[in-house]
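Visitor: Quick check, what structure comes out for this input:
(one chain, ligands or ions: 1)
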Amino acid sequence: MSRVIIIGCGGVASVAIHKCCQLDDVFTDLCIASRTVSKCDKIAKELEGKTKTRITTRAIDAGSFDELVALFKDYKPEIVMHLGMPYHNLTIMDACLECGCHYLDTAAYEPEDVLEPEWRKRYEARVKEKGFTSYFDYSYQWEYMDKFKEKGLIALLGCGFDPGVTQAYVAYAKKHEFDTIETLDILDCNGGDHGYPFATNFNPEINLREVSSHGAYIENGKWHEVLPMSIHKKYSFDGVGEKDMYLLHHEELESITKNFPEIKRLKFYMTFGESYLTHMRCLENVGLLSTTPIDYEGQKIVPIQFLKALLPDPSTLGPRTKGKTNIGCIFDGYKDGVRKQFYIYNVCDHEEAYREVGSQAISYTTGVPAMVGAMLVLKGVWTDTGVHTLEELDPDPFIDGLNKYGLPTRTTNKPVMVE
Ligand code: NDP
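Guide: The predicted model follows:
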């Protein structure tokens, strides 16, 4: 018997809720708590009679420590799965510490208000030191390590696909395939087509903040910063075909390089179509990607939040999206003195995901790992207290769970290397 709270009720949360309810012997009691409670009620109703999980719903402001503590004290969850916005990670972690619950999220903390003076100071130091212009920053959550350890609690950071599964793939490669890893390329390909000229596959605000930041990679232990979308390659993906991909800075680069300093070169690529990039450049040029509030007829408006209101809601893309995703890691390194390559990845079909849980593959590939991570904590398989990203944990039970619950792993020792 286990009691779990899921915070948020968007694309990713919806998949995780469906998957938890498929495992109703593990997830016996589930509370869906989000800003718009009608969305929670709708999913709870859809699942009525299809699961033994007892579902309750609650309205919550995830930015309010007091509301969170009141809910956690009342519901008494063993784990809180935070599948809402990364702006609230720290507040939810504080509430988990206060109430003695484990914590899980799918994206590194970033601030909602980028003018907030303390955050701004640290951000400017990061830009100066490493060139990072990304808003996300793991260091805030890493500072919770001792507090979680002292309370005997676990915080799983970034338990989606990337971040998440990609880091478990690194742990797997090191455990089973390599003595030393020299290079790693993480490749995130979405070959899906939703038919809109422009839409993002997960939260538009977070997606556009990520993609419009400078790219960054590691070579010989040093960070290098490049202009957004300035490094471009073509790659032919299993199950998808040839796509254009672009180097980005992505949060798992920061944790992988911290935990695997042996990796000399570490890069992350994501595929984008020409239409997406043209729209994004245009929106950026007119100022609609800005996170700085402007005054409009006496009202404060954050341009990127206004844009989000105009764009299709990612959770509605499911019925229209066709094609597949292919996300994985290509390694080069040594085993028993012999140089070798290894590619580990998953291919996920948008339409199959929709048939199973009513969501497209981006939400599916994030919601399934979140469910598997929570399951491993609840079953006492992952027991390391403190704050962890997935490359720090035993990858085998996690990858077994992915294989079993919808994200089967593919591997080859003959990858086409990126460079
Ligand atoms: P959505 O925008 O679809 O969902 C966000 C949810 O959070 C919504 O239900 C929203 O409520 C709720 N929410 C927002 N603010 C609050 C608040 N103050 N209090 C309570 N609830 C709130 O996002 P996604 O499902 O696409 O993404 C969820 C998370 O997953 C994001 O952090 C994203 O970055 C991450 N992600 C991670 C991936 C990975 O591979 N690791 C891949 C894709 C996404 P409302 O319904 O009222 O809007």
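
Visitor: which residues sit in contact with whatever residue of the stretch 51-200 of the chain ends up closest to the ligand?
Guide: Proximity to the ligand, evaluated over the stretch 51-200 of the chain using CB to the nearest ligand atom, is greatest for Gly160 at 2.4 Å. (C-beta placed from N, C-alpha, C; glycine too.) Counting by CB atoms under 8 Å, 6 or more residues apart in numbering, Gly160 makes contact with Val12, Thr106, Ala107, Thr365, Thr366, Gly367, Pro369, Ala370.

Visitor: how does it look with 7 Å?
Guide: Val12, Thr106, Thr366, Pro369, Ala370 (CB atoms under 7 Å, 6 or more residues apart in numbering).

Visitor: The residues you listed: which ones sit near the ligand?
Guide: The subset of the contacts of Gly160 lying close to the ligand, counting by CB under 6 Å from any ligand atom, consists of Val12, Thr106, Thr366.

Visitor: hmm, back to that, how far away is the residue of the stretch 51-200 of the chain closest to the ligand from Ser212?
Guide: 20 Å (CB to CB, to the nearest Å).

Visitor: Spatially nearest residue to the residue of the stretch 1-150 of the chain at minimum distance from the ligand, not counting backbone neighbours?
Guide: Of all residues in the stretch 1-150 of the chain, Gly10 sits closest to the ligand, at 1.9 Å by CB to the nearest ligand atom. Spatial nearest neighbour of Gly10, chain neighbours left out: Ser315 (5.4 Å); criterion: CB to CB, 6 or more residues apart in numbering.

Visitor: do the same with Arg410
Guide: Nearest non-adjacent residue to Arg410 (CB to CB, 6+ apart): Tyr345, at 5.6 Å.

Visitor: For that neighbour, the count of nearby residues, please.
Guide: By other CB atoms under 10 Å, the residues close to Tyr345 number 25.

Visitor: Would you agree it falls within a strand?
Guide: Yes: under DSSP: H, G, I helix; E, B strand; the rest coil, Tyr345 falls within a strand.

Visitor: That one touches Lys324, doesn't it?
Guide: No: Tyr345 is not in contact with Lys324 according to CB atoms under 7 Å; the separation is 11.3 Å.

Visitor: Get me the contact residues on the stretch 51-200 of the chain for the ligand.
Guide: 60-63, 83-86, 106-107, 158, 160-164.

Visitor: Next step: the residues you listed restricted to helices.
Guide: Residues of these located in helices (DSSP state H): none.

Visitor: Could you point out the helix or strand that follows the helix or strand of the chain with the lowest mean pLDDT?
Guide: In the chain, no helix or strand scores lower on mean pLDDT, DSSP states H and E than helix 204-211, which sits at a mean of 87. The first helix or strand that comes after helix 204-211 along the chain, using DSSP states H and E, is strand 215-219.

Visitor: Dump the helix or strand just after that next one to CSV, restricted to CA.
Guide: Counting by DSSP H and E, the element after strand 215-219 in chain order, helix or strand, is strand 222-226. These are the backbone C-alpha positions of strand 222-226, laid out as CSV (Å, rounded to 0.1, in the frame of the first residue of the first chain):
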residue,chain,number,x,y,z
LYS,A,222,36.3,22.5,-20.1
TRP,A,223,33.0,24.1,-20.9
HIS,A,224,32.6,25.8,-24.3
GLU,A,225,29.7,28.1,-25.1
VAL,A,226,28.3,28.6,-28.6
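
Visitor: which helices and strands sit right next to strand 222-226?
Guide: strand 215-219 (3 or more CB pairs under 7 Å, 6 or more residues apart in numbering; DSSP states H and E).

Visitor: quick check: longest helix of this protein.
Guide: Looking across the chain with DSSP H, the single longest helix is helix 361-378.

Visitor: how about the residues of the stretch 251-400 of the chain that lie near the ligand?
Guide: Pro314, Ser315, Ile362, Thr366.

Visitor: pLDDT-wise, what's the bottom of those residues?
Guide: Within those, Ser315 has the lowest pLDDT, namely 82.

Visitor: hey, where'd the strands end up in the stretch 101-250 of the chain?
Guide: 102-105, 154-157, 180-190, 215-219, 222-226, 232-237, 241-248 (DSSP state E, counting those that start in this stretch).

Visitor: Including mean neighbour count and mean pLDDT, could those go into CSV?
Guide: Supplementary listing: the strands of the stretch 101-250 of the chain in CSV, determined by neighbours: other CB atoms under 10 Å; pLDDT from 0 to 100:
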stretch, mean neighbour count, mean pLDDT
strand 102-105, 26, 98
strand 154-157, 27, 98
strand 180-190, 22, 97
strand 215-219, 20, 95
strand 222-226, 14, 92
strand 232-237, 15, 96
strand 241-248, 18, 96
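
Visitor: between these, which gets nearest to Gly328?
Guide: strand 180-190 (6.1 Å; CB to CB).

Visitor: Give me the distance between the closest one and the centre of its chain.
Guide: Distance of strand 180-190 from the chain centroid (CA atoms, centre = their mean, to the nearest Å) equals 17 Å.

Visitor: Over to stretch 328-341?
Guide: With CA atoms, centre = their mean, you get 26 Å for stretch 328-341.
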